[in-house]
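[1] Can you look at this prediction? I've put the sequence above it.
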Amino acid sequence: MSGWTPRTWTGLAAASGMLAVAFGAFAAHGMSAPKPVEWLHTGSQYQMVHALAVFAAFGLHRAGAKRMGLASAFFLGGSLLFAGSLYAMALGAPRILGAITPFGGLSFIIGWAVMADRAFRMSAEAQA
């Protein structure tokens, strides 16, 4: 992860945000069945929040909170597992795929914990 450039993290966060908007729009305008609409809506909300969290992690990294790439990886991985499984089910995949969704949620939680840990460890000079 340390070899990934700011351009990579920014591009992945932007792509994730774009997908969140696209799936949210599809939920609003392209689906009518209640459960798939709910899955798409939930997935897009969580994905958007965590796309923005990747941008925040990058900002904190630039401010001196080292190794925020780990938090970003958990956020993006969580989006893939959490939102991706919900999107797949909404599009007709077997409901057993919903067993993956909690692992995405756990990845989000770990990402936030890593972000908090790294932020609290920022040097005093970086905070000034």
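    Cool, got the structure. Residues are numbered from 1 along each chain as shown.

[2] which residues in the protein form helices?
    For the chain, applying DSSP state H gives helices covering 6-29, 34-62, 69-78, 84-90, 101-120, 124-127.

[3] As JSON lines, the ones you listed with mean neighbour count and mean pLDDT would be great.
    (Each C-beta comes from the backbone N, C-alpha and C, glycine too.) Compiled in JSON lines, those are given as follows (neighbours: other CB atoms under 10 Å; pLDDT from 0 to 100):
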{"stretch": "helix 6-29", "mean neighbour count": "16", "mean pLDDT": "94"}
{"stretch": "helix 34-62", "mean neighbour count": "19", "mean pLDDT": "95"}
{"stretch": "helix 69-78", "mean neighbour count": "23", "mean pLDDT": "95"}
{"stretch": "helix 84-90", "mean neighbour count": "22", "mean pLDDT": "98"}
{"stretch": "helix 101-120", "mean neighbour count": "16", "mean pLDDT": "96"}
{"stretch": "helix 124-127", "mean neighbour count": "9", "mean pLDDT": "56"}
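
[4] what's the nearest residue to Ala88 if we skip its chain neighbours?
    Across the structure, with CB to CB, 6 or more residues apart in numbering as the measure, the residue nearest Ala88 apart from its sequence neighbours is Leu97 (5.4 Å).

[5] what's the burial count for the one you found?
    14 (other CB atoms under 10 Å).
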